[in-house]
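Enquirer: what follows is a predicted structure for the sequence shown.
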Amino acid sequence: MGSAVITARAAATFEPVGRSVATARAFVRDTLQGWGYTDVVDDAVVLTSELVTNAVVHAGTAADVLCLRTEDGVRVEVSDHYPEREVPLRSSGVDFGSPDRENGRGLLLCAALATRWGVEYTPTRKHVWFQLDLPERPVGIRSAGPVLPTSLLPVTDQRVRVAVVQMDGTGSIAAWNEDAAFLFGHAAEQVTGKQLTDFVAWPHTPGTNTGIADALQLSRWEGSYGIRAADGRVTPVYASHLRVRDTDGEPSTVCLLVRDYERAVLQSPVRAPVSDTVSENRAADPFEVFIGSPAPDDLDGLLQRTVERARDMLDADAAFLLLATDDETELEVRATTGLPSARQRFARVPVEAGTGRYGSARMPAVHEDLTAVPGAVPLLTDTGMRSVVTVPLKVEGRLTGSLGVAAEAAGRYTNEEALRLQFAADRIALAVESARLGELERLRRGSLSFLVEASDLLAGTLDRDQTLALMAQMTVPTLATWCAVYTIADQSSDPYLSYVLHEDEDLIDGIKALLSTIDPPDPVPTPGARVWTAPSEAGHRAALLTSTRSLDRDAPLSMSTATRTTLATAQAVGGETVVLPLVARNRVIGMLTLGKPSDDHFRQEILELAEDLSRRAALALDNARLYSERMAISQSLQRSLLPPGLPDVPNVEIEVIYRAAGEGNEVGGDFYDVFPIHDGAYGFAIGDVCGTGPEAAAVTGLARHALRLLAREGFAGPAVLERLNAAILDEGARSRFLTLLYGELWPQEDGSALLKVVCAGHPLPLRLRQDGTVEAAAEPQPLLGVIDDLDLYEQEVTLDPGDVLLCVTDGVTERREGTRMLGDDGLAEVLATCTGLTAGAVAARILRAVERFAAEPASDDMAILAMRVPEPPRV
């Protein structure tokens with residue numbers, strides 16, 4: 001550094017790991033900002049990043065970084081333990097290094113940015129140093145601000161208290177002024193000799209990687225932390241640290257502390273020019289110079305502006321920018337200019353495409369003539385471009401993308417252009433990565449919201465057809481332009497095209513017809529999307545055949561409807577088509593097909609979202625299948641528990657109405673039966689088993705078949721029910737109690753009907769006479785399935801011509817609306833209005849009255865049995 005006087009120094013060593021690059025950058029940035037050298041911070045950080053990367057990443061050794069401050073500028077030295085590499089030389093007429101080697105690129109950047117630089121060797125080390133001089137400023141002025149109105153000045157207390165704390169070389173408190181005692185409540189004698197870190201509440205400064213212990217060792221530092229006061233509370237402070245030495249050469253650290261809201265007292269202003277003259281000499285922000293001001297605030301706009309500026313900077317015919325995936329294995333085309341972008345947008349290429357020096361996107365590459373290396377840059381195939389230069393975008397040593405420019409002429413680019421493009425890429429890499437992460441976060445939030453809504457919709461239905469429709473409607477147009485859903489009934493069945501949807505409804509039939517002509521995709525259970533080319537190929541063949549036929553015949557100028565449909569369908573399926581398996585319970589139950597009309601590729605984020613949706617949709621579709629199967633079984637079982645039909649009873653009208661509550665997936669406990677016993681005698685029953693489901697179905701089946709068997713064996717009503725009661729109790733824990741109305745009916749020659757009934761805990765049967773009076777036709781007796789010994793008896797009832805006997809289950813009498821209940825009295829009132837009606841009309845009126853009693857659907861099964869003796873015909 002010649003005769004320049006060193007006024008401060010800061011040093012650190014970084015281990016040979018990838019994260020050390022970012023740590024070294026933070027160290028240099030914090031150090032220079034602490035010294036107030038903000039004018040050269042950006043250049044120093046860029047150069048340090050490249051040199052430390054060479055040491056810890058490529059050479060694999062530890063890196064020593066030393067920052068030296070002088071009155072005119074700063075010198076940074078980076079040392080490593082691998083001195084055997086060559087140094088790129090720059091001289092007139094000699095090729096300026098090779099940007100294909102990242103160590104050489106770091107030295108070339110030193111040559112481009114530093115005021116002075118050099119390389120020094122020792123037997124065990126290699127030192128690379130660079131000097132950055134500060135811009136000239138008027139004498140006597142370090143920084144200045146404009147005159148401000150009083151209302152805009154910083155706010156402080158009436159008396160500003162500045163705590164002055166000094167630590168010796170060991171970090172122990174050596175001095176503690178009165179303001180420190182006032183602010184924190186600790187007297188000087190209480191803290192002298194103790195470590196300042198014992199009182200610091202925040203061991204790390206928010207937003208940086210520097211701890212307070214590290215900050216105390218820096219030559220200068222500013223920032224925020226907290227001090228624990230004597231009362232235990234934390235006082236937020238803003239601090240300015242300065243490392244000094246006394247006349248004996250002993251180092252110490254002086255800390256100035258103010259309340260955090262009074263930070264303006266100590267905070268160093270941003271170094272700014274004090275005159276227009278200085279402003280003209282000050283270097284503009286390199287990022288804004290390259291991108292332009294204002295920079296686009298969205299990722300796509302930023303990427304498009306980047307490729308356009310890169311093309312203009314090197315006077316190229318085309319430019320392109322690819323972003324790396326999170327695992328750095330692939331690059332995705334995100335922006336192009338001068339190329340058929342629609343054909344390649346979102347296409348992916350591997351980062352490591354070969355073993356040669358140009359086979360990795362991690363290194364700069366210059367191709368003087370692509371015709372000599374066909375396929376070297378797949379993006380430029382069949383575009384007419386011959387020469388190309390590509391450079392990596394890196395952030396903290398990690399590959400984040402690739403920037404390239406191309407020209408139609410051969411030999412347009414050399415390493416000099418590669419260096420210029422790499423310099424530009426380094427300037428914009430951090431901004432691009434920040435915008436990419438912002439877009440990714442927005443996509444993830446949107447994806448989460450989409451999946452939550454999709455899950456709610458899919459969980460809201462158990463209907464198979466509705467699930468298919470929801471699956472397609474959630475896919476189009478959010479994820480794709482069109483979609484098709486194939487379903488597989490069982491492992492031995494072929495995929496079946498179940499649903500097709502396009503954002504233009506006029507194209508749905510054409511796509512469905514086209515897909516019906518080709519083999520469905522293979523039901524592969526492998527997760528993830530795979531490309532399916534059959535639809536686009538079939539559409540292309542159909543369009544070509546249709547066009548050929550139109551040319552062969554003397555067709556009018558206007559195309560036929562069929563021709564237009566075929567061409568429109570071919571265009572609709574002409575883009576990329578992907579297939580995702582629908583896997584539920586370890587079985588492929590179908591495929592979800594997504595398609596686009598253009599040559600755009602599906603973005604990986606869209607495919608990942610579609611994969612999440614397919615998993616949820618597959619489970620919903622399988623749940624709908626299981627529900628349908630269960631409902632079919634339940635309905636079949638329910639039908640088996642009811643009689644197949646009603647017998648014709650001479651001179652007696654019989655009508656039954658049965659309504660099961662719920663959605664039909666549970667077997668109800670209500671049942672009825674009417675059957676012949678022997679000559680001229682008929683049995684009838686209506687009952688209600690406690691509960692629903694298989695257990696209730698078992699008791700229902702037992703009761704109905706036992707009633708028929710016992711009655712036909714000649715047992716009277718009480719004996720039939722007593723034996724049924726014993727059979728129910730024999731079921732043990734599976735038994736359910738049962739309310740039952742059982743009776744026997746004998747039509748009489750005089751036109752009346754004789755009934756013998758037993759009412760075991762069931763709602764009483766009601767008799768309607770011709771004069772409109774309603775009365776109970778039996779007395780209540782104990783229900784079945786509760787106690788062993790029952791003493792039941794039967795009661796005789798004679799129905800005269802015109803009389804009606806009404807039997808119902810408790811789903812009728814216990815119909816509720818709020819606190820109101822229909823009850824026996826309400827049922828009797830309705831029945832009283834049925835004089836003169838047929839048995840069918842009586843049952844229908846009772847059902848209608850029950851349904852109208854409450855707005856809500858019935859929550860219990862209902863069975864209505866009406867028997868009427870018709871009046872003799874009038875002469």
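Expert: Cool, the structure landed.
Enquirer: every contact and neighbour count from this point should use C-alpha atoms.
Expert: OK.
Enquirer: packing partners of the host helix or strand of residue 675?
Expert: Under the criterion of DSSP states H and E, residue 675 resides in strand 670-678. When contacts are defined as 3 or more C-alpha pairs under 8 Å, 6 or more residues apart in numbering; DSSP states H and E, strand 670-678 sits against strand 681-689, helix 694-712, strand 862-868.
Enquirer: for the longest one, packing partners?
Expert: Pointing back at helix 694-712 there. Going by 3+ C-alpha pairs under 8 Å, 6+ apart, helix 694-712 lies up against strand 670-678, strand 681-689, helix 717-729.
Enquirer: only alpha carbons, please: show that helix as PDB.
Expert: Taking C-alpha atoms only, helix 694-712 is exported to PDB below (Å, rounded to 0.1, in the frame of the first residue of the first chain):
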ATOM      1  CA  PRO A 694     -76.500 -54.100  10.600                       C
ATOM      2  CA  GLU A 695     -77.600 -54.900  14.200                       C
ATOM      3  CA  ALA A 696     -81.000 -53.400  13.600                       C
ATOM      4  CA  ALA A 697     -81.300 -55.100  10.200                       C
ATOM      5  CA  ALA A 698     -80.600 -58.500  11.900                       C
ATOM      6  CA  VAL A 699     -83.400 -58.000  14.400                       C
ATOM      7  CA  THR A 700     -85.700 -56.700  11.600                       C
ATOM      8  CA  GLY A 701     -85.100 -59.800   9.500                       C
ATOM      9  CA  LEU A 702     -85.600 -62.100  12.500                       C
ATOM     10  CA  ALA A 703     -88.900 -60.400  13.400                       C
ATOM     11  CA  ARG A 704     -90.400 -60.400  10.000                       C
ATOM     12  CA  HIS A 705     -89.600 -64.000   9.100                       C
ATOM     13  CA  ALA A 706     -90.400 -65.300  12.600                       C
ATOM     14  CA  LEU A 707     -93.800 -63.600  12.500                       C
ATOM     15  CA  ARG A 708     -94.700 -65.400   9.200                       C
ATOM     16  CA  LEU A 709     -93.400 -68.800  10.400                       C
ATOM     17  CA  LEU A 710     -95.100 -68.700  13.800                       C
ATOM     18  CA  ALA A 711     -98.400 -67.400  12.500                       C
ATOM     19  CA  ARG A 712     -98.500 -70.100   9.800                       C
END
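Enquirer: look up phi and psi at residue 170.
Expert: phi -90, psi 0 (degrees, to the nearest 10).
Enquirer: quick one: the helices in the stretch 1-150 of the chain?
Expert: With DSSP state H, counting those that start in this stretch, the ranges of helices along the stretch 1-150 of the chain come out as 20-35, 41-53, 102-113.
Enquirer: between the ones you listed, which one is closest to residue 426.
Expert: Residue 426 lies closest, by C-alpha to C-alpha, to one member of the helices of the stretch 1-150 of the chain: helix 41-53, at 8.0 Å.
Enquirer: now do that closest one against helix 20-35, angle only.
Expert: Angle of helix 41-53 versus helix 20-35, following axes from the mean of the first three to the mean of the last three C-alpha atoms, to 10 degrees, is 150 degrees.
Enquirer: contacts for helix 41-53, please.
Expert: Contact partners of helix 41-53, identified using C-alpha atoms under 8 Å, 6 or more residues apart in numbering, comprise 20-22, 24-25, 28-29, 32-33, 63, 76, 78, 102-103, 105-107, 109-110, 113-114, 128, 132, 396-397.
Enquirer: what does stretch 716-730 give?
Expert: By C-alpha under 8 Å, 6+ apart, the surrounding residues in contact with stretch 716-730 are 699, 702-703, 706-707, 710-711, 735-737, 742-744, 756-758, 784-786, 788-794.
Enquirer: give me the buried subset of these.
Expert: Buried members of these, counted by 16 or more other C-alpha atoms under 10 Å: 699, 703, 706-707, 710-711, 735-737, 742-744, 756-758, 784-786, 790, 792-794.
Enquirer: so which helix or strand of this protein has the lowest pLDDT on average?
Expert: helix 276-281 (a mean of 38; mean pLDDT, DSSP states H and E).
Enquirer: the inter-axis angle of the lengthiest helix in the chain versus helix 41-53?
Expert: Longest helix of the chain, by residue count under DSSP state H: helix 415-459. Compare the direction of helix 415-459 with that of helix 41-53 by the same axes, to 10 degrees and you get 90 degrees.
Enquirer: and helix 415-459, what other elements does it pack with?
Expert: On a contact count with 3+ C-alpha pairs under 8 Å, 6+ apart, helix 415-459 meets helix 102-113, helix 286-291, helix 299-313, strand 365-367, strand 387-395, strand 398-407, helix 464-475, helix 604-640.
Enquirer: mean pLDDT lowest for which of the ones you listed?
Expert: Confidence, taken as mean pLDDT, is least for helix 286-291 of these (a mean of 55).
Enquirer: C-alpha coordinates for the longest strand belonging to the chain, PDB please?
Expert: In the chain, with assignment by DSSP state E, the single longest strand is strand 234-245. Taking Å, rounded to 0.1, in the frame of the first residue of the first chain, the C-alpha atoms of strand 234-245 are listed here in PDB:
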ATOM      1  CA  VAL A 234     -34.700  -4.800  28.500                       C
ATOM      2  CA  THR A 235     -33.900  -1.400  27.200                       C
ATOM      3  CA  PRO A 236     -33.500  -1.300  23.400                       C
ATOM      4  CA  VAL A 237     -30.500   0.700  22.400                       C
ATOM      5  CA  TYR A 238     -28.700   1.900  19.300                       C
ATOM      6  CA  ALA A 239     -24.900   1.500  19.600                       C
ATOM      7  CA  SER A 240     -21.800   2.800  17.900                       C
ATOM      8  CA  HIS A 241     -18.600   0.900  18.700                       C
ATOM      9  CA  LEU A 242     -15.100   2.100  17.900                       C
ATOM     10  CA  ARG A 243     -12.000   0.000  18.500                       C
ATOM     11  CA  VAL A 244      -9.100   2.200  19.700                       C
ATOM     12  CA  ARG A 245      -5.600   1.800  21.300                       C
END
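Enquirer: report the strands that pair with that strand, each with its relative direction.
Expert: strand 220-228 (antiparallel), strand 251-259 (antiparallel) (DSSP bridges).
Enquirer: can you list the residues that contact it?
Expert: 184, 201, 215-229, 251-263, 266-267.
Enquirer: one more: stretch 495-513?
Expert: For stretch 495-513, the surrounding residues in contact (C-alpha under 8 Å, 6+ apart) are 468-469, 472-473, 476-477, 481-489, 515-516, 520-521, 523, 565-566, 568-569, 572-573, 590.
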